[in-house]
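S.K.: Got a sequence here, can you model it:
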Amino acid sequence: MTATNTLILNVDDNDGARYAKTRILQSAGFRVLEAANGTDALAMVRQDDPALVLLDVKLPDINGIEVCRRIKADPATNCVLVLQTSAALINRADKIRGLEGGADNYLAAPIEAEELIANVNALLRMRHTQDELRESEERFRQLTDNVDDVFWMFSAPDGELAYVSPAYAKIWGRSLDSLRRNHLAWLDGVHPDDRARLQGRWAALATQPHYDDEFRLVLADGATRWVRDRLFAVRNARGEVYRVARITSDISARKEMEALLRAADANKNQFLATLAHELRNPLSPIRNAAALLGIAGENASERHARAREVILRQVDHLAHLVDDLLDVARISEGKIVLRREEVNLGAVIAQAIETAGPLIAGREHHLEVQQPEGQVWVSGDPVRLAQSMGNLLHNAAKFTPKGGQIRLTVTVDGDHVRIAVIDNGIGIDAASLPRIFGMFAQAAVPPDRAPEGLGIGLSLVSRLLEMHGGQLRAESPGIGMGSTFTVELPVLRVTGAAAEHAAEDAAAAPGGGLRVLLVDDNIDAMEMMGFLLAEMGHQAWTTHDVSQIVPLALAHRPQVMVLDIGLPGADGYELARMIKAHPELKHTRLVAHTGYGSPEDRRKAQEAGFDAHLVKPAELDDLEKALRG
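M.R.: Numbers count the residues shown, from 1 in each chain. Got it, this is the predicted structure:
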């Protein structure tokens, strides 16, 4: 603060004295306003905000000491400096009364010019220091009021609370009033297991005014929060500790992340060990089978055939492992693209049952399937949906002891369909449920089975379903009490009669083969396809006689009919419509097998009721896909 921009209010009812003091102040470079009475002085202090009031004690309306008291009592003016002056009240008692009235100094006349200027400058320096202190305190207050951490200040060594920032109420979940009433009330929020340690630290405050600790808080709703608490000493100019400052930060997110990282590391280690186990398992029989292929002798052809079967089966197992790993990598990198179409959920479930059928049968489980009357249609990739449902059924079979019960239920609720796979297997403990869909998470296996799989199946299924706009949930009452995995997907529509017969038929034949009726007027072609289907594991019946189609179908209940559209004396499209209209055959899957493959031919086949369209000669993979949907 310099004299050239400092405003001083000179208050004196004596014109001569007031003039003399004004001239002295102006000669020193101060700006000066004048007032001749107390009333005007009070108004000008509020209006013009002078830095200092040079105030005579004897005024005609209000005593100068009272004017000073009012200036200091008003929050809007209490920072204005008051230099009290008097030519009459100059004894010691008068000075004491003036200073007790709030004056910052008291001068008795006569006052030399140098003395007046020196006193004014001294008071202004004090005002400047006070202003800087207030600005510093305001910056400190704004800083501490707007940070998420709690800032504390305690006196030392008694530990009395001097200041705490508003963040205390947010982090502790307790009011500031209770802390102000009892400076140790913060200890009530500390977790009981950590409280004794913190009490010990504060008991040793006099000798150890510093620490860096982490502990838990228990909030009013019972939730737990982790905080980091740092205490450090504040020293005076002599190096003595007279206060301790404290900063408390919420580190709950960091602790949660650390726990996730520890779990991920444990899962990674378990995954690597499982991967090594899974890779070694098929390599051993492959090596032995390869050695067997090099041995000649009696029954060599039988042994070689058996060795080839072993190699093919184990290579398939390795391929499945690699496919799962690649799928996870593709999803993580966003490289999987769904081939969306309108999908009949009943066909997806039937295919999933076919996929998991061998394991269900091998472990002697009973599978029950419950589906709604109408056909449920969803939008999605039929291969990925069948893969997801097959994985859930496979897990249910794998984690259920032999002879268990598995139930698959489909329910439509508004615009969503829920598919639940329920088993009475080993169950999942409560601690594992939140991480069951995490990458590489492994659950315990029943005692009659060695661990298998890489712990990525459920994570893969969960991500695939999310890509379909759905979700996967897991529930279990506990270990040994079974599990329920529920898929929820958006529904496009529900149409027609029940699609459940296809799934029930598949559940009744868990070996994986289908019952197929072939209809073709080319007997050689029909017989060769029949042989091929048998080699593929299916059971086939054949006829070239249109009149025998319905009797054969009613007798053998085929799941699929492969019809040649160009039959002599019959229209294949009309034949398809007739079969779909038959009350006992309407759920049979129809595959058109024809030499006509134009878009118009495909459209006509779809309109007639065919579920798939194959152009002669059909590739083996295309035939298998058409049979299974």
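S.K.: elements contacting the helix or strand hosting residue 94?
M.R.: Using DSSP states H and E, residue 94 falls within helix 92-100. The contact analysis (3 or more Cβ pairs under 8 Å, 6 or more residues apart in numbering; DSSP states H and E) places helix 92-100 against helix 64-73, strand 81-86, strand 105-108. No exception for glycine: its C-beta is placed from N, CA and C like everyone else's.
S.K.: so can I have JSON lines of these showing mean neighbour count, mean pLDDT and distance to residue 311?
M.R.: Shown next, in JSON lines, are these (neighbours: other Cβ atoms under 10 Å; pLDDT from 0 to 100; distance: least, Cβ to Cβ, whole Å):
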{"stretch": "helix 64-73", "mean neighbour count": "20", "mean pLDDT": "92", "distance to residue 311": "101"}
{"stretch": "strand 81-86", "mean neighbour count": "24", "mean pLDDT": "90", "distance to residue 311": "101"}
{"stretch": "strand 105-108", "mean neighbour count": "20", "mean pLDDT": "87", "distance to residue 311": "106"}
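S.K.: want to try JSON lines for the ones you listed, with distance to residue 482 as columns?
M.R.: Shown next, in JSON lines, are the helices and strands packed on helix 92-100 (distance: least, Cβ to Cβ, whole Å):
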{"stretch": "helix 64-73", "distance to residue 482": "78"}
{"stretch": "strand 81-86", "distance to residue 482": "83"}
{"stretch": "strand 105-108", "distance to residue 482": "89"}
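S.K.: So residue 376, which state does it fall into?
M.R.: Secondary structure, DSSP: H, G, I helix; E, B strand; the rest coil: residue 376 is strand.
S.K.: ok, residue 35 touching residue 44?
M.R.: Yes. Using Cβ atoms under 8 Å, residue 35 is in contact with residue 44, at 5.6 Å.
S.K.: Identify the contacts common to these two.
M.R.: Common contacts of residue 35 and residue 44, defined by Cβ atoms under 8 Å, 6 or more residues apart in numbering, comprise residue 9.
S.K.: Neighbour count: these two, which is higher?
M.R.: residue 35 (23 against 17; other Cβ atoms under 10 Å).
S.K.: which residues touch the helix or strand harbouring residue 42?
M.R.: Assessed by DSSP H and E, residue 42 sits inside helix 38-48. Applying Cβ under 8 Å, 6+ apart, the contact partners of helix 38-48 are 7, 9, 11, 33, 35, 50, 53, 55, 59, 61-64, 66-67, 70-71, 74, 76-77, 80.
S.K.: what about 7 Å?
M.R.: 7, 9, 11, 33, 35, 53, 59, 61-62, 64, 67, 70-71, 76-77, 80 (Cβ atoms under 7 Å, 6 or more residues apart in numbering).
S.K.: before we move on, the earlier item: any buried residues in the helix holding residue 94, and which?
M.R.: Within helix 92-100, the residues that count as buried by 16 or more other Cβ atoms under 10 Å are 94-95, 97-99.
S.K.: all helices of the stretch 451-600 of the chain, in order?
M.R.: Under the criterion DSSP state H, counting those that start in this stretch, helices of the stretch 451-600 of the chain are mapped to 457-467, 500-508, 523-535, 549-556, 572-581, 599-608.
S.K.: residue contacts, residue 36?
M.R.: residue 13.
S.K.: Just want to check the distance between it and residue 75.
M.R.: Computed as Cβ to Cβ, to the nearest Å, the residue 36 to residue 75 distance reads 27 Å.
S.K.: now residue 22
M.R.: With distances taken as Cβ to Cβ, residue 22 is found 29 Å from residue 75.
S.K.: Who has more neighbours out of those two?
M.R.: residue 22 (18 against 6).
S.K.: So that one belongs to a strand, correct?
M.R.: No. Counting by three-state DSSP, residue 22 is not part of a strand but helix.
S.K.: Spit out the contact partners of it.
M.R.: Going by Cβ under 7 Å, 6+ apart, residue 22 touches 10, 32, 34.
S.K.: And for residue 11?
M.R.: Each residue near residue 11 by Cβ under 7 Å, 6+ apart is listed here: 35, 41, 53-56.
S.K.: Quickly name whichever of those residues is closest to residue 242.
M.R.: Residue 242 lies nearest to residue 53 out of the contacts of residue 11, by Cβ to Cβ, at 35.5 Å.
S.K.: related to what we said a few turns ago, give me the subset of the contacts of residue 11 lying in helices.
M.R.: residue 41 (DSSP state H).
S.K.: So what are the sheet partners of the longest strand anywhere in the chain and their directions?
M.R.: Determined from DSSP state E, the single longest strand within the chain is strand 224-235. Its sheet considered, strand 224-235 pairs with strand 211-218 (antiparallel), strand 241-250 (antiparallel) by DSSP bridges.
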